[in-house]
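Enquirer: Quick one, structure for this:
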Amino acid sequence: MKIYNTLTKSKEEFVPLQEGKVSMYVCGPTVYDYIHIGNARPMIVFDTFRRYLEYKGYDVNYVSNFTDVDDKIIQRAIEEGTTAQEISEFYIRECKKDMEGMNVKPATTHPMATQEIDGMIDMIQTLIDKGYAYDSDGTVYFRTRKFQDYGKLSKKNIDDLESGHRDIRVAGEESKEDPLDFVLWKPKKEGEPSWASPWSDGRPGWHIECSVMSKKYLGDEIDIHAGGEDLIFPHHENEIAQSEAANGCPFSKYWMHNAFLNIDGTKMSKSLGNFFTVRDISQKYDLQVLRFFMLSAHYRSPLNFNAELMEAAKNGLERILTAAEKIREIIQSGADGKMTAEEQDTLAGAKQYVQKFECAMEDDCNTANAISAVFELVKFTNSHLAASNTKQFAKQLYEMLFRLCDVLGILLERKMQAVGDEDYIEEMIQKRANAKKEKNFALADSIRDELAEKGILLKDTREGTKWTRS
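Expert: Numbers count the residues shown, from 1 in each chain. Here you go, the predicted model:
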């Protein structure tokens, strides 16, 4: 399996630090609002990569944090007349709902920055003791120039940063030894949440949070660190500096970054009115469609979001779900007994698409090509499956399709909405009517039973089938 390592700017063979196990850290959102579709891309992409690692038999320790103390959270709390804790707790709950809607698996651990303050104080003290950090009137800074490899991830030259680029300078911080030094701890301001430390009552800088949470839940050195490409500099660069300075060993073996998401070819921005939350999208589309859309391009390629592409994703997903439904019908109504020799040959032929899928995923998590392999399997299934096939043959085909779609996080059964989706009910009633016409009474009965389980009761009348909710 090869993955593109931002650190070396090349595809590398993936070899975990410990055989059979993978430690993976993915930077999570700052929780001051509903997550937007830009947040959703790394969630979906790296969840899919995790799923593939598990599909290959790895034991994956997957950690993704919530940044629950931040200037934006504090500002939101002031605007709403509440506390930063109440703001962050509310939006963490809402974020988890959206993640569930996108079928993003819960992380092994979802640490929150505010619960890891003691570890941050310990790491900052270690950096001070080693001469990599210093206290200046209650603010603790990292000595950027002391870390010899600074810039190795972003490929930025520290002298260029000093001479003209102001990427990590902060105006008004005259107490720094060097303009490029960044904050590890800052004193509190009036009305802000704060914690006691040896230097001042205050709170941690953003970068130290991820270093400490990664160390605590995964160890000093990890296999994979991932996130959006906007985090390469300064966030991930600073994480490397402080983690390697404190721990005395490499921080992460592989660095994976997804590209930006644009809206109709333009960067997403509230000021431009093209800002969409995942919750906004869920009002128009099943979030499975959003997930399918996100995986339709390679994660390192910029992705353009627009209505036409979402409709294309919806139609593509529908093709897969319809094929799965057809297979389930044969599982219900097909012939009993062992597979025929012809069916066994057909099944062997279908395995080429599984191999194509795996080749795509092993080539730097190429989900676009993996989806193409799924479509080929769907086409193959549609052309080789008939009512006369055995149930066993249908089950084997379904298992094959299910396993691939499970890696992609695609659910093969359509969701029933709790309140409505009357179009779906009518569609199922029509399928039942067609099954009865074809004297496929087993399928007709299974449709009735399925609807009954969901609280939909059918009554056959002279005017046709009527339905009510139980």
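
Enquirer: List of residues touching the host helix or strand of I208?
Expert: Taking DSSP states H and E as the definition, I208 sits inside helix 206-218. For helix 206-218, contacts defined as CB atoms under 8 Å, 6 or more residues apart in numbering pick out 23-25, 27, 61, 63, 65, 67, 70, 108-109, 111, 113, 116, 119-120, 122-124, 182, 184-185, 222, 225, 234-235, 238-239, 242-243, 246-247, 251. (Glycine included, C-beta is placed from N, CA and C.)

Enquirer: Can you list which of those are found in strands?
Expert: Among the contacts of helix 206-218, DSSP state E puts S23, M24, Y25, N61, V63, F182, L184, W185, I222, H225 in strands.

Enquirer: With pLDDT added, can I get those residues in a markdown table?
Expert: Output for these, formatted as a markdown table (pLDDT from 0 to 100):
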| residue | pLDDT |
| --- | --- |
| S23 | 98 |
| M24 | 98 |
| Y25 | 98 |
| N61 | 98 |
| V63 | 98 |
| F182 | 96 |
| L184 | 98 |
| W185 | 98 |
| I222 | 98 |
| H225 | 98 |
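
Enquirer: Out of those, which comes closest to I330?
Expert: M24 (38.6 Å; CB to CB).

Enquirer: Any idea what the nearest residue to the closest one once chain neighbours are set aside is bridged to?
Expert: Distances taken as CB to CB, 6 or more residues apart in numbering place I224 nearest to M24, at 4.4 Å, with adjacent residues excluded. Listed by DSSP bridges, the beta-bridge partners for I224 are M24, Y254.

Enquirer: from the chain's centre, how far out does the helix holding I208 sit?
Expert: Offset of helix 206-218 from its chain centre (CA atoms, centre = their mean, to the nearest Å): 19 Å.

Enquirer: quick revisit: can I have the buried ones of the ones in strands among the contacts of helix 206-218 as a PyMOL selection?
Expert: Burial among these is assessed by 16 or more other CB atoms under 10 Å; the matching PyMOL selection reads:
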select buried, resi 23+24+25+61+63+182+184+185+222+225
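
Enquirer: which of the ones in strands among the contacts of helix 206-218 lies closest to F380?
Expert: M24 (33.4 Å).

Enquirer: Now stretch 355-370 - C-alpha only, PDB.
Expert: Backbone C-alpha positions of stretch 355-370 (Å, rounded to 0.1, in the frame of the first residue of the first chain) are rendered in PDB as follows:
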ATOM      1  CA  GLN A 355      -9.100  -6.600  -7.000                       C
ATOM      2  CA  LYS A 356      -9.600  -3.300  -9.000                       C
ATOM      3  CA  PHE A 357     -11.100  -1.700  -5.900                       C
ATOM      4  CA  GLU A 358      -8.200  -2.800  -3.700                       C
ATOM      5  CA  CYS A 359      -5.600  -1.600  -6.200                       C
ATOM      6  CA  ALA A 360      -7.300   1.800  -6.300                       C
ATOM      7  CA  MET A 361      -7.400   2.100  -2.500                       C
ATOM      8  CA  GLU A 362      -3.700   0.900  -2.200                       C
ATOM      9  CA  ASP A 363      -2.700   3.600  -4.600                       C
ATOM     10  CA  ASP A 364      -2.800   6.500  -2.100                       C
ATOM     11  CA  CYS A 365      -6.500   6.000  -1.200                       C
ATOM     12  CA  ASN A 366      -7.800   6.700  -4.700                       C
ATOM     13  CA  THR A 367     -11.500   6.600  -3.900                       C
ATOM     14  CA  ALA A 368     -12.500   7.900  -7.300                       C
ATOM     15  CA  ASN A 369     -11.000   4.800  -9.000                       C
ATOM     16  CA  ALA A 370     -12.400   2.600  -6.200                       C
END
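
Enquirer: buried stuff in that stretch?
Expert: Using 16+ other CB under 10 Å as the test for burial, stretch 355-370 gives K356, F357, E358, A360, M361, E362, D363, D364, C365, N366, T367, A370.

Enquirer: Residues in contact with stretch 393-405: which ones?
Expert: With CB under 8 Å, 6+ apart as the test, stretch 393-405 has contacts from 55, 320, 323-324, 327-328, 330-331, 334, 339-340, 343, 346-347, 350-351, 354, 357, 370, 373-374, 377-378, 381, 385, 411-412.

Enquirer: Tell me the gap between the helix or strand hosting Q344 and the middle of its chain.
Expert: Taking DSSP H and E as the criterion, Q344 maps to helix 341-362. Put simply, helix 341-362 sits 27 Å off its chain's centre (CA atoms, centre = their mean).

Enquirer: which of the contacts of stretch 393-405 are buried?
Expert: 320, 323-324, 327-328, 330-331, 334, 339, 343, 346-347, 350, 354, 357, 370, 373-374, 377-378, 381, 385, 411-412.

Enquirer: Just the residues contacting stretch 300-315, thanks.
Expert: Contacts of stretch 300-315 (CB under 8 Å, 6+ apart): 4, 37, 41, 257-265, 276, 285, 289-290, 292-294, 296-297, 364.

Enquirer: Let's see that with 6 Å instead.
Expert: A259, F260, L261, N262, I263, D264, G265, V289, F292, F293, A297 (CB atoms under 6 Å, 6 or more residues apart in numbering).

Enquirer: Only the buried residues of that stretch, if you could.
Expert: Buried positions in stretch 300-315, judged by neighbour count with 16+ other CB under 10 Å: R300, L303, F305, M310, A313, K314.

Enquirer: likewise stretch 62-79?
Expert: Buried residues in stretch 62-79, defined by neighbour count with 16+ other CB under 10 Å: 62-70, 73-74, 76-77.

Enquirer: So which residues of the stretch 351-470 of the chain form strands?
Expert: Shown for the stretch 351-470 of the chain, the strands assigned by DSSP state E, counting those that start in this stretch span residues 456-461, 464-469.

Enquirer: Using PDB, write out every CA atom in the first one.
Expert: Once side chains and other backbone atoms are set aside, the C-alpha atoms of strand 456-461 remain, and they are given as PDB (Å, rounded to 0.1, in the frame of the first residue of the first chain):
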ATOM      1  CA  ILE A 456     -46.400   1.400   7.900                       C
ATOM      2  CA  LEU A 457     -49.500  -0.800   7.700                       C
ATOM      3  CA  LEU A 458     -50.900  -1.900   4.300                       C
ATOM      4  CA  LYS A 459     -54.500  -2.600   3.500                       C
ATOM      5  CA  ASP A 460     -55.500  -4.000   0.100                       C
ATOM      6  CA  THR A 461     -58.800  -2.500  -1.200                       C
END
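
Enquirer: How much space separates A442 from I158?
Expert: According to CB to CB, to the nearest Å, A442 and I158 sit 72 Å apart.

Enquirer: So the two - more neighbours on which side?
Expert: More crowded of A442 and I158, by other CB atoms under 10 Å: I158, with 16 against 13.

Enquirer: That one touches Y150, doesn't it?
Expert: Yes - between I158 and Y150 a contact is recorded at 5.5 Å, counting by CB atoms under 6 Å.

Enquirer: okay, the buried residues of stretch 300-315 in TSV with distance to K189, pLDDT and secondary structure next?
Expert: As requested, the buried residues of stretch 300-315 are exported to TSV (distance: CB to CB, whole Å; pLDDT from 0 to 100; DSSP: H, G, I helix; E, B strand; the rest coil):
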residue	distance to K189	pLDDT	secondary structure
R300	39	98	coil
L303	38	95	strand
F305	37	94	strand
M310	43	96	helix
A313	45	97	helix
K314	47	95	helix
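
Enquirer: residues near K9, how many?
Expert: So K9, with other CB under 10 Å, has 9 neighbours.
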